[in-house]
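S.K.: I need the structure of the sequence given here:
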Amino acid sequence: MKIFIVLIFFIYASSCAPVYKKLQPKSKITVLDIKGAPIYDAEVILHSNAKPVGFERSREIKSTNYDGMVSFDSKREWRVETILLHGSEYYFWNWCVTKTGYETFVTNHSSANDFEKNMIVNLIKGLTTPCPNDVHFRVN
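M.R.: Numbering: from 1, shown residues only. Coordinates of the predicted model:
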């Protein structure tokens with residue numbers, strides 16, 4: 001029985017590992033109109049989501065400058081994650097851009113590989129809809 005308990009403890013202990021997790025990448029977005037002119041004061045949201053669930057983990061909201069640009073810093077933190085079952089989280093990110101008088105721009109990625117760290121967006125004049133409050137992106 002002691003061997004069984006020691007074996008269970010060893011398996012559990014070895015399934016946990018410290019990781020330096022990227023919660024948000026260093027990124028930049030440039031917001032332009034259809035003619036290529038910068039759009040000032042557009043609201044840009046960088047959503048951070050994680051698999052296996054896909055629910056939003058965090059969001060950072062900024063406004064574009066006179067050049068239509070906004071930058072986001074990288075965010076990382078040390079975590080202890082379990083390797084067994086669904087213990088490890090895999091982050092991915094999405095953009096949402098709104099400006100009154102323009103159609104809202106939203107990405108719907110489910111992988112970190114799909115995210116563009118240096119995005120250029122051309123907004124089209126039209127109906128503005130708000131960015132979703134509780135974002136749940138598709139998870140493959």
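
S.K.: Tell me the pLDDT of residue 18.
M.R.: Turning to residue 18, the model gives it a pLDDT of 76.

S.K.: List the pairing partners of the helix or strand containing it within its sheet, with orientation.
M.R.: Element membership for residue 18 (DSSP states H and E) is strand 16-24. Paired with strand 16-24 in the same sheet, following DSSP bridges, are strand 75-82 (antiparallel).

S.K.: Could you look up the next helix or strand downstream of the strand it pairs with?
M.R.: Using DSSP H and E, the helix or strand that follows strand 75-82 in sequence is strand 90-98.

S.K.: and after that following strand, which helix or strand comes next?
M.R.: strand 105-106.

S.K.: Please point out which parts of the next helix or strand after that following strand sit buried.
M.R.: Downstream of strand 105-106, the next assigned helix or strand under DSSP H and E is strand 118-123. Residues of strand 118-123 classed as buried: 119, 121, 123 (neighbour count, 16 or more other CB atoms under 10 Å). Every C-beta, even on glycine, is put in place using the N, C-alpha and C of the backbone.
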